[in-house]
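>>> Need the 3D shape of this:
(chains A and B)
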Amino acid sequence: MTDVINSLGILLFATLAYGTPLIYASLGSCFSEISGVVNIGIEGMMTAGAFTGTVTAYFTGSPWIGFLCGGLAGMLFGALHALATVRLGADQTIAGTAINMLGPGLVIMIARVLFNSTDTIPLTPEQRMPRLLTGVFDTGTTFGRFMDNVFSTYASTYLVFLAVIIVWFVFYKTRFGLRMRACGEHPEACETLGINVLKTRFLCVCMSGFLAGLGGACVTMAISNQFRPISIVGQGFIAIAAVIFGKFRPHGALVGCLLFGFCSGLKTVLGGSSGIDTQLISMIPYVVTVLVLILFVGKSRVPSASGKPFIKAR
Amino acid sequence: MKKILALTLSLCLILGLAACGGKTEPTTAAPETTKAQDQTTAAPTEAPTEAPTEAPTTAAPAAKVKIGMVTDVGGVNDQSFNQTSWEGLQALAAEDSSFEVKYLESKTDADYQTNINTFIDDGYDLIICVGYMLADATKEAAEANPNQKFAIIDDSTCADLPNVACLMFAQEQASYLVGLVAGSVTQSKTVGYVQGMVSDTMNLFGIGYITGVLEVCPDAQVLQYNANNFGDIPGGNTAAKDMITKGADVIYHAAGGTGMGVINACDEAGIWAIGVDTDQSPLAPEHVITSAMKRVDVASQDISKAVKAGNFTAGVHLYDLSNGGVDLAPTRTHIPADVLKLVEEKKAAIIAGQFTVPTSVDDCPAFTLK
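Below you'll find the predicted structure:
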């Protein structure tokens, strides 16, 4: 019984550890997609955020300034993507691919200049993302350890759930949210009604970069304490998959990310003790994702104007 | 206005691409390289830099010894053997200006052959291939160019070729020593071990470690986990957390990037972590008790010096405790004095041949990863 409760605690811990960066990134992806701009540059924006977050935290000593700057770095790349796709009407997939190449290339170059290595200096415990409830629950009992494993998590994880609620509210309960969704569906109609499509989309893509940057920063500032080129490997693309899985809705994407996190956790928990072949266990997250997509998810409705550059009528 | 913006943007992207594509670093040879080379070519002796497969050790002393290093897909900054061997070569070039060193990074498996051929065409005296992943490419190139000298790290499948030196490391010995440390400092009699992948080479880490732990603490429980991935940071973090929940108070990892998650989890939980390959103490100075070091830098330097001295020998070169090829990391402040004494005794016993660390899974029934 103790073992089961322990494993359950670890499973939930892993769900959050894997899931948190993905949720941030998928919220970012939602922002961009719903306003009608395809953003496959999430990965590059995450890398920028991951690097900038650790470097700023290292130099300023404050994890919060680092975290914020990670977001801002992502936003800068978001602005670059917006400039290319919204302002100049470039192909969105190609611009996103360019961001994915530019991000890692640029940060590795800067890292070499600053640290003479592609890795940053490891953060000290004070510079890392704080864990708010450490030791609050750990009473030494099995249940205490369970609570500690689940709830004594990073501040960034608590924040991400808040972020989901805020994004959901902005999308569905505010005038701006309605406008941006309209821009993703029928920009020409918006334009005739006096909504500035280009400005709305520009803002959304910047916001997308900001959230992706935060996602990157919480990889390097929470679950590891150092930026390395391997820190962001594919999370951005998994986040985009989660958005499609969640039918371009923030709460749907949240479920998608948590599902992927849960399956990855299952892989770790089962991989330790059970006699099942690790190769098979490693397949779990991917097999489950495919199965869920086939069995339970209906057709995902892509915003109709997604991927099409909007050229303002003269 | 739009055009200017577009131009600036495309310039940015081109720069970005250039930054990513920066595959080849300029050589770090001493500044007088070109001058020296000019002198060489002007000298009446044959010009070794021009002859692709010529062994130039017989050439004039002014000749540069050109050492080329091909990385595996980990890249030159992998915080592991690629980086260590490149640092070794850089140090060598810095102290002895007759060496000219250069590396080529491999982004995919398909680059191995191309990179090796580039060095062959440029007339390098020795090509160091880092990692067992390059074994096939090295073998092919070595058979096709019998006069070209090669060295390969962590692989012995090319040992029968007359022009390939196989630089092997006794990782089980270093792992055994850190196992002794782990078994001595554990209070819960539960220790953890995270491995990056199950293979004969990787298993040596676990076999050595578990043998060491059980020798000093026979009733210890060793929790083991195969991450099946060298780059899964959250996975390493979770696995370590799981072990900590089950009572582990020392965890050793031989799992590359996955190990970063392991060390971070140990640091947060306030238990000991043991690093691998390099001295990983800087990752968590308070909680990395020691690391199992593999001196790939020493091996690369040795073989380069041998080429210069003209006594290059093919076959297996074993780096173990006796020649300083593997050892505990130099940071030892956290290890209690009596434990350090025990480690030194055991080390002496291994060097003297009184004790052999097992290398087979059959000799270590407690090792359960598969």
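
>>> Can you give me the distance of the residue nearest the centre of chain B to residue B:70?
In chain B, the residue lying closest to the centroid (C-alpha atoms, centre = their mean) is residue B:81, at 2.0 Å. Distance of residue B:81 to residue B:70, given as C-beta to C-beta, to the nearest Å: 12 Å. (C-beta placed from N, C-alpha, C; glycine too.)

>>> what's the overlap in contacts for the two?
Here residue B:81 and residue B:70 share the contacting residues residue B:130, scored by C-beta atoms under 8 Å, 6 or more residues apart in numbering or on different chains.

>>> Settle this for me: the residue nearest to the centre of chain B is touching residue B:298, isn't it.
No - checked against C-beta atoms under 8 Å, the pair residue B:81 and residue B:298 is beyond contact range at 11.9 Å.

>>> pLDDT on stretch A:199-212, on average?
Averaging pLDDT along stretch A:199-212 gives 96.

>>> what does stretch A:271-284 give?
For stretch A:271-284, the mean confidence score works out to 75.

>>> Give me the buried stretch members for that stretch, please.
Buried residues in stretch A:271-284, counting neighbours by 16 or more other C-beta atoms under 10 Å in any protein chain shown, are found at A:271-272, A:278, A:281-282, A:284.

>>> Switch these over to JSON lines; also include distance to residue A:162 and secondary structure.
JSON lines is the format used below for the buried residues of stretch A:271-284 (distance: C-beta to C-beta, whole Å; DSSP: H, G, I helix; E, B strand; the rest coil):
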{"residue": "A:271", "distance to residue A:162": "32", "secondary structure": "helix"}
{"residue": "A:272", "distance to residue A:162": "33", "secondary structure": "helix"}
{"residue": "A:278", "distance to residue A:162": "36", "secondary structure": "helix"}
{"residue": "A:281", "distance to residue A:162": "33", "secondary structure": "helix"}
{"residue": "A:282", "distance to residue A:162": "33", "secondary structure": "helix"}
{"residue": "A:284", "distance to residue A:162": "30", "secondary structure": "helix"}
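
>>> among those, which are in reach of chain B?
The residues of these that also fall near chain B, by C-beta under 8 Å from any C-beta of the partner chain, are A:271-272, A:278, A:281-282.

>>> Find the pair from the residues you listed with maximum spatial separation.
Taking C-beta to C-beta as the measure, those span a maximum distance of 12.9 Å, between A:272 and A:282.

>>> Would you confirm that residue A:201 contacts residue A:86?
Yes - assessed by C-beta under 8 Å, residue A:201 is found in contact with residue A:86 at 4.6 Å.

>>> Now do the shared contacts for the two.
Shared contacts of residue A:201 and residue A:86, defined by C-beta under 8 Å, 6+ apart, are found at A:37, A:310.

>>> just checking, residue B:290 is part of a strand?
Yes - using DSSP: H, G, I helix; E, B strand; the rest coil, the assignment for residue B:290 is a strand.

>>> circling back: quick one: which of the buried residues of stretch A:271-284 is nearest to residue A:118?
Closest to residue A:118 out of these is residue A:282 (26.7 Å), distances taken as C-beta to C-beta.

>>> how much space between the residue lying closest to that closest one once chain neighbours are set aside and residue A:270?
In this structure, residue A:282 finds its nearest non-sequential neighbour in residue B:228, 4.8 Å apart by C-beta to C-beta, 6 or more residues apart in numbering or on different chains. The span separating residue B:228 from residue A:270 equals 12 Å under the rule C-beta to C-beta.

>>> of those two, who's got more company?
Legend: neighbour count by other C-beta atoms under 10 Å in any protein chain shown for residue B:228 and residue A:270, higher for residue B:228 (21 against 17).

>>> three-state assignment of the more buried one?
Using three-state DSSP, the structure places residue B:228 in coil.

>>> I'd assumed residue A:283 was in contact with it.
No - in this structure residue B:228 lies outside contact range of residue A:283 using C-beta under 8 Å: 10.1 Å.

>>> Have a look at chain A and report its longest helix.
Assignment by DSSP state H gives helix A:2-34 as the longest helix of chain A.

>>> in it, what's buried?
If you call a residue buried by 16+ other C-beta under 10 Å, then helix A:2-34 has these buried ones: A:5-7, A:9-34.

>>> Near chain B, list only the ones from those residues.
Applying C-beta under 8 Å from any C-beta to these, one finds that A:6-7, A:9-10, A:13-14, A:17-18 fall near chain B.

>>> Serialize those to a markdown table and add fields for pLDDT.
Listed next are these as a markdown table, based on pLDDT from 0 to 100:
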| residue | pLDDT |
| --- | --- |
| A:6 | 85 |
| A:7 | 86 |
| A:9 | 89 |
| A:10 | 89 |
| A:13 | 91 |
| A:14 | 90 |
| A:17 | 89 |
| A:18 | 90 |
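
>>> any chance of these in TSV, with distance to residue B:144 too?
Listed next are those as TSV, based on distance: C-beta to C-beta, whole Å:
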residue	distance to residue B:144
A:6	56
A:7	53
A:9	57
A:10	52
A:13	52
A:14	48
A:17	48
A:18	46
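
>>> Once you drop chain neighbours, what's closest to residue B:157?
The shortest distance from residue B:157 to any non-neighbouring residue, by C-beta to C-beta, 6+ apart, is to residue B:135 (5.1 Å).

>>> Dihedrals phi and psi, that neighbour?
Here is the backbone geometry of residue B:135 (degrees, to the nearest 10): phi -60, psi -50.
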